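Peer 1: return a 3D structure for these sequence lines:
(one chain, ligands or ions: 1)
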Amino acid sequence: MTENAKSTKDMTLVVTGATGRTGSRVARAAGAAGLTVRAASRATGFDWADRSTWADALRGADAAYLVHPADVGAPGTAEAVGELAGTAVGLGVRRLVLLSARGEDQALPTEEALRASGADWTVVRAAWFAQNFSEGPLVEELRRGELVFPAGEVEEPFVDVRDIAEVVVAAVTGGERYAGRTLSVTGPRLLTWGEAVAEIAAATGRPLTYRAVSARDYGEALPGLGVPAEEAAFLTELFGTLLDGRNASVEDGVRQALGREARDFSDFVREEAAAGIWKA
Ligand SMILES: NC(=O)c1ccc[n+]([C@@H]2O[C@H](COP(=O)([O-])OP(=O)(O)OC[C@H]3O[C@@H](n4cnc5c(N)ncnc54)[C@H](OP(=O)(O)O)[C@@H]3O)[C@@H](O)[C@H]2O)c1
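Peer 2: Numbering: from 1, shown residues only. Predicted structure coming up:
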């Protein structure tokens, strides 16, 4: 019997980034589906930057969700993901699901490194997370009243990370169905960043605004906010390419994997506004 033929309740899934936006939801969805979840983050002794910690995190598991904490297309990510995937396959952890980003040319070497590892791989290419507006660096700006971002009037099908998580679990538990496949996962509707902020403003009753800046101006401000120069240079290039309109389309990865429509941005906004996430 191959790992993929195991029944769900017998599977152990290693979840990297288990304290983060997607990993925490993957852990929750996998637990709800009956898998045994092994959280892998620095608190549990797993460190992407320290290869000596990898084998203990992986040994004896059946599958792993791989999310690199730097951007999936950042310098060094392809090498790290390729080496970790090779370690996993060497230990018999063959079912690997990688979180990648839709339309990101810089991420293609990372996806290729996963494929080259010999794993039973699945790549989940996600749209921009709806939760970028509620968790992470952008939320503080929104609480202050203005979101500054280099997205112009570009449209994006923001995806709820809970949908990403459920797609990941479907891929892990779906046997051969998802091995060797790339799934593009988006929300059901296109919105500009300005429209997204307007929805948040309407739900909170606060006069929140969006101010578009160029990728270059945005990148030049990052070192002053504590972002290392190399990372700022990467993000400037990334935003300059990724936010050029290439991702202004809806795709049906959620429906393909889950047999239902993706969660709408307005549901996310209503829930987070009710929880008070954007209070001043
Ligand atoms: N944001 C988007 O819209 C978007 C869209 C598509 C793809 N992505 C991709 O999503 C990924 C980020 O995923 P996310 O947003 O779920 O993560 P996240 O919320 O940024 O959290 C990062 C996670 O990685 C862990 N971590 C940080 N440094 C670590 C290290 N050295 N070793 C081990 N674990 C470490 C953190 O845990 P501890 O700090 O507890 O160790 C945390 O669990 C990136 O690769 C990005 O390219 C993002």
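
Peer 1: export only the CA atoms of stretch 215-224, formatted as PDB.
Peer 2: Only the C-alpha atoms of stretch 215-224 are listed here, as PDB (Å, rounded to 0.1, in the frame of the first residue of the first chain):
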ATOM      1  CA  ALA A 215       6.500  49.900  -6.900                       C
ATOM      2  CA  ARG A 216       9.700  52.000  -7.000                       C
ATOM      3  CA  ASP A 217       8.400  54.500  -4.400                       C
ATOM      4  CA  TYR A 218       7.000  51.700  -2.300                       C
ATOM      5  CA  GLY A 219      10.300  49.800  -2.400                       C
ATOM      6  CA  GLU A 220      12.400  52.900  -1.600                       C
ATOM      7  CA  ALA A 221      10.400  53.400   1.600                       C
ATOM      8  CA  LEU A 222      10.800  49.800   2.800                       C
ATOM      9  CA  PRO A 223      14.400  50.100   4.300                       C
ATOM     10  CA  GLY A 224      13.100  53.000   6.400                       C
END
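
Peer 1: which residues touch the nearest residue to Pro157 once chain neighbours are set aside?
Peer 2: Residue nearest to Pro157 in three dimensions, not counting chain neighbours: Thr186, with 3.8 Å by CB to CB, 6 or more residues apart in numbering. In this view, the C-beta of every residue, glycine as well, is placed from N, C-alpha and C. When contacts are counted by CB atoms under 8 Å, 6 or more residues apart in numbering, Thr186 is found next to Arg102, Ala126, Ala127, Pro157, Val159, Ser249, Val250, Glu251, Gly253, Val254, Ala262.

Peer 1: among these, pick out the one closest to the ligand, please.
Peer 2: Ala126 (4.0 Å; CB to the nearest ligand atom).

Peer 1: wait, doesn't the closest one sit right on Val185?
Peer 2: Yes: using CB atoms under 8 Å, Ala126 is in contact with Val185, at 5.1 Å.

Peer 1: near whichever residue of the chain sits closest to the ligand, how many other residues are there?
Peer 2: Nearest residue of the chain to the ligand: Gly20, at 2.3 Å (CB to the nearest ligand atom). When counting by other CB atoms under 10 Å, one arrives at 18 neighbours for Gly20.

Peer 1: give the contact list for it.
Peer 2: By CB under 8 Å, 6+ apart, the residues touching Gly20 are Ser41, Val67, Pro69.

Peer 1: element containing the last one, please.
Peer 2: Of the helices and strands defined by DSSP states H and E, none includes Pro69.

Peer 1: that one and Gly17 touch, don't they?
Peer 2: Yes: in this structure Pro69 lies within contact range of Gly17 using CB under 8 Å: 6.4 Å.
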